[in-house]
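Asker: Make a model of this:
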Amino acid sequence: MTSRAGIFPTFFLSGFECSTFVWGKERKRRDLAQELRHYVHADEDYAMLPPLGIAVAREGVPWPFVDRGGGAYDFPCIDPFLDAQRRHKILPIWDLCHYGYPDGLDPMSEDFIARFTAYARAAARYVGERAHHGPLCFTPVNEPTFWGYMGGEWEWCAPFGNSADYRRRFSTMLARADIAACKAIREDSPDARFVHIDPLVWVVPPRDRPDLAEEAHRESYEDAYIAWDILSGLKHPEYGGSPELIDILGFNNYSFGQMEYSGGDGPNIPLEPGDERIRPVADLLEEAWKRYQRPCIIAETSGLHGDRPDWLNDITNEGLAAVNRGVDLHGICLFPAVDMTDWHTGEWLHMGIADVEPLPSGALMRKPFLPYVEALHAWERRLNRVTQLDDDPFDQPVTLDDIRKVARELDPQPDKAFG
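Answerer: This next block holds a predicted model:
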C-alpha cells in the first residue's frame, strides 16, 4: 500500500506574531512585528527554526502598511522575511490580514471586499515571484470569527463594535472577503493552498445559571463556526464558499478557549485548570473536523512559562488521540517561535519557543527555552521526524503513516482535565 503524504515538509510548524490592529482606548495603530523587531531580526528568527526540525512558519504581510491606496502597494518591507525564508529553507504560510486593515476603510462595506481582494492578489503575486519553494500557502484573513468578537463586540480593536449583531455581521464580511481573495489568488496560482484559522471554543453556563445553557451552547456550536460555515458553503452558499475553498482547517488552541458564559457582558471567563467542565481537546478537534472533513492542523498552541513542555506533551497526545478517531491531522504549530507581549499590558508572556530578553541597549535578545526545545526534539524522534533540517527539507513531506502508527502504539487517552 502506498503511504500517504502530508501537506507540509515537517509535522511541527511555528510562526511569528504579526498583528496590525488599531488597538484599545487610545485607538492607536500597532505593528506587533515591529514591536518585536522581527523585521530587523528576521534572519536570526528564521535561523532558529532549522535546528528545531521546523520547516514551516506562519508569517504576515502587514496590509495597513503596504497598501497605499489607489492600487499602489509598498511590499519591500517584507523582503527581510523572504530573504530569511530562502536562506534558511523555511516554507511560509502568509497571513494577509492579521486583525488590521487600512485607515479610512469601512469593513462593513462592499469596498472592503474589493480592496482586500485586489491587495491579496497583489501580495500573492509579490511573494510568488520571490518564493523559493511552492506551492504558495496563505491565510487570507486570520481568525475572522475571533476577530468578530475582538473588534465587533468587545471593542478591543477596530472597528470597535459593541454588540453580538455587529460581531456576527463583521465576521460575515471578513469571511466574504476571504472567499473573494482565495478565488482571486487561484486565478493566478491554481495550486495555491489556504489555511483557514479560528480558535477551538467550548462555552458552558455558570453553575448557578442553568437558564443560560442555550446561549452557551449557541456560542459553542453556532457562533464559533460562523466563518468556517460560510467559507465551506454550509451557510450562505450565495457568497461562494465550498469545501474545496476552505482547503485546510487551522484550529487554534489555548487554555482560555474553554470558558464560562458571561451573559453577553464582555468576554467569557476562562475555566480554571481542574474544572470538571473542561473537555478534552481531542473531543473539540474531532467535533470541528467532522463538521467539514478537510485536512487540518493545530494552527496555534502554547503553554506559558515553565509549563510549555507539559503543554506540548498534552497537545501532542490530544492530537494523536484525535488521529486515532480518524481526524486528518497534518501538523501542530507551536506559536509563537519568538515570545510576544500581552496585547493589553505589554508584559512578555513567555509562551514562545524562544523568550525575549530586553537588554540595556534596547535590543531584544532571543533566548530559546531549552526544556521546550528538548520536549520538541523528543516528540520529533518519537514520531520519526527529523530534529534538524537537512539541505533539502522539501524533498519528502511528512509520511502520515508514521504519525498514525505512533498514535496507535501510544494509544493516548483524551485527558478531561487538559488545560
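Asker: correct me, but Leu389 touches Val56?
Answerer: No: Leu389 is not in contact with Val56 according to Cβ atoms under 8 Å; the separation is 10.7 Å. Where C-beta positions appear, they are placed from N, C-alpha and C, glycine not excepted.
Asker: Looking only at neighbour counts, state which of these two leads.
Answerer: Val56 (23 against 20; other Cβ atoms under 10 Å).
Asker: Could I get the buried residue list for stretch 270-278?
Answerer: Using 16 or more other Cβ atoms under 10 Å as the test for burial, stretch 270-278 gives 271, 278.
Asker: who touches it?
Answerer: Identification of contacts with stretch 270-278 by Cβ atoms under 8 Å, 6 or more residues apart in numbering yields 202, 204, 255-256, 258-260, 416-419.
Asker: Off-centre distance for stretch 177-187?
Answerer: The chain centre lies 19 Å from the centre of stretch 177-187; the measure is Cα atoms, centre = their mean, to the nearest Å.
Asker: Quick one: mean pLDDT over it.
Answerer: Averaging pLDDT along stretch 177-187 yields 98.
Asker: And the contacts of that stretch?
Answerer: The contact list for stretch 177-187 (Cβ under 8 Å, 6+ apart) reads 96-97, 112-114, 116-118, 120-121, 124, 136, 138, 140-141, 144, 192, 194, 196, 227, 230-231, 239-241, 245, 247.
Asker: So which of those belong to helices?
Answerer: 112-114, 116-118, 120-121, 124, 144, 227, 230-231, 245 (DSSP state H).
Asker: Can you add neighbour count, pLDDT and distance to Ile297 and give these back as TSV?
Answerer: TSV is the format used below for these (neighbours: other Cβ atoms under 10 Å; pLDDT from 0 to 100; distance: Cβ to Cβ, whole Å):
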residue	neighbour count	pLDDT	distance to Ile297
Phe112	19	98	28
Ile113	19	98	27
Ala114	12	98	30
Phe116	28	98	24
Thr117	21	98	25
Ala118	16	98	28
Ala120	26	98	21
Arg121	19	98	25
Ala124	25	98	20
Pro144	26	98	17
Ala227	27	98	17
Ile230	26	98	20
Leu231	32	98	16
Leu245	18	94	17
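Asker: Nearest to Thr10 among those?
Answerer: Ala124 (23.2 Å; Cβ to Cβ).
Asker: In strands, which of the contacts of stretch 270-278 fall?
Answerer: Taking DSSP state E, the ones among the contacts of stretch 270-278 that sit in strands are 202, 204, 258-260.
Asker: Can you give me the buried ones in the one helix or strand Ala175 maps to?
Answerer: Remark: Ala175 resides in helix 164-188, with elements defined by DSSP states H and E. For helix 164-188, the neighbour count (16+ other Cβ under 10 Å) marks 164, 166-182, 184-186 as buried.
Asker: Kindly report the same for stretch 293-308.
Answerer: Within stretch 293-308, the residues that qualify as buried are 294-303, 307-308, counting by 16+ other Cβ under 10 Å.
Asker: what does stretch 208-218 give?
Answerer: Of the residues in stretch 208-218, 212, 215-216 count as buried by neighbour count, 16+ other Cβ under 10 Å.
Asker: what does stretch 19-30 give?
Answerer: Residues of stretch 19-30 classed as buried by neighbour count (16+ other Cβ under 10 Å): 19-23, 30.
Asker: Likewise for stretch 363-375?
Answerer: Buried, per 16+ other Cβ under 10 Å, within stretch 363-375: 364, 366, 368-369, 372-373, 375.
Asker: average pLDDT across it?
Answerer: Per-region confidence: stretch 363-375 scores 97 on mean pLDDT.
Asker: Now tell me what touches that stretch from outside.
Answerer: Contacts of stretch 363-375 (Cβ under 8 Å, 6+ apart): 36-37, 41, 44-45, 48, 52, 306, 308-309, 312-313, 338, 350, 352-359.
Asker: Among those, name the ones in helices.
Answerer: Residues of these located in helices (DSSP H): 44-45, 308-309, 312-313.
Asker: Excluding residues flanking it in the chain, which one is nearest Phe335?
Answerer: Leaving aside its sequence neighbours, Phe335 sits nearest to Glu300 (Cβ to Cβ, 6 or more residues apart in numbering; 4.0 Å).
Asker: wait, Leu359
Answerer: The spatially closest residue to Leu359, leaving aside those adjacent along the chain, is Met365, at 5.6 Å (Cβ to Cβ, 6+ apart).
Asker: Give the partner strands of the helix or strand that contains that neighbour in its sheet and their orientations.
Answerer: Per DSSP H and E: Met365 is located in strand 364-368. Each strand paired with strand 364-368, and its direction, by DSSP bridges: strand 354-358 (antiparallel).
Asker: which residues sit against the partner strand?
Answerer: Contact partners of strand 354-358, identified using Cβ under 8 Å, 6+ apart, comprise 36, 48, 337-339, 348, 364-369.
Asker: With distance to Arg382 as added columns, please give these in JSON lines.
Answerer: Below are the contacts of strand 354-358 laid out as JSON lines (distance: Cβ to Cβ, whole Å):
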{"residue": "Leu36", "distance to Arg382": "31"}
{"residue": "Met48", "distance to Arg382": "22"}
{"residue": "Ala337", "distance to Arg382": "21"}
{"residue": "Val338", "distance to Arg382": "25"}
{"residue": "Asp339", "distance to Arg382": "26"}
{"residue": "Trp348", "distance to Arg382": "30"}
{"residue": "Leu364", "distance to Arg382": "33"}
{"residue": "Met365", "distance to Arg382": "31"}
{"residue": "Arg366", "distance to Arg382": "27"}
{"residue": "Lys367", "distance to Arg382": "26"}
{"residue": "Pro368", "distance to Arg382": "20"}
{"residue": "Phe369", "distance to Arg382": "20"}
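Asker: Which single one of these is nearest to Phe65?
Answerer: Among the contacts of strand 354-358, and counting by Cβ to Cβ, the member closest to Phe65 is Leu36, at 14.8 Å.
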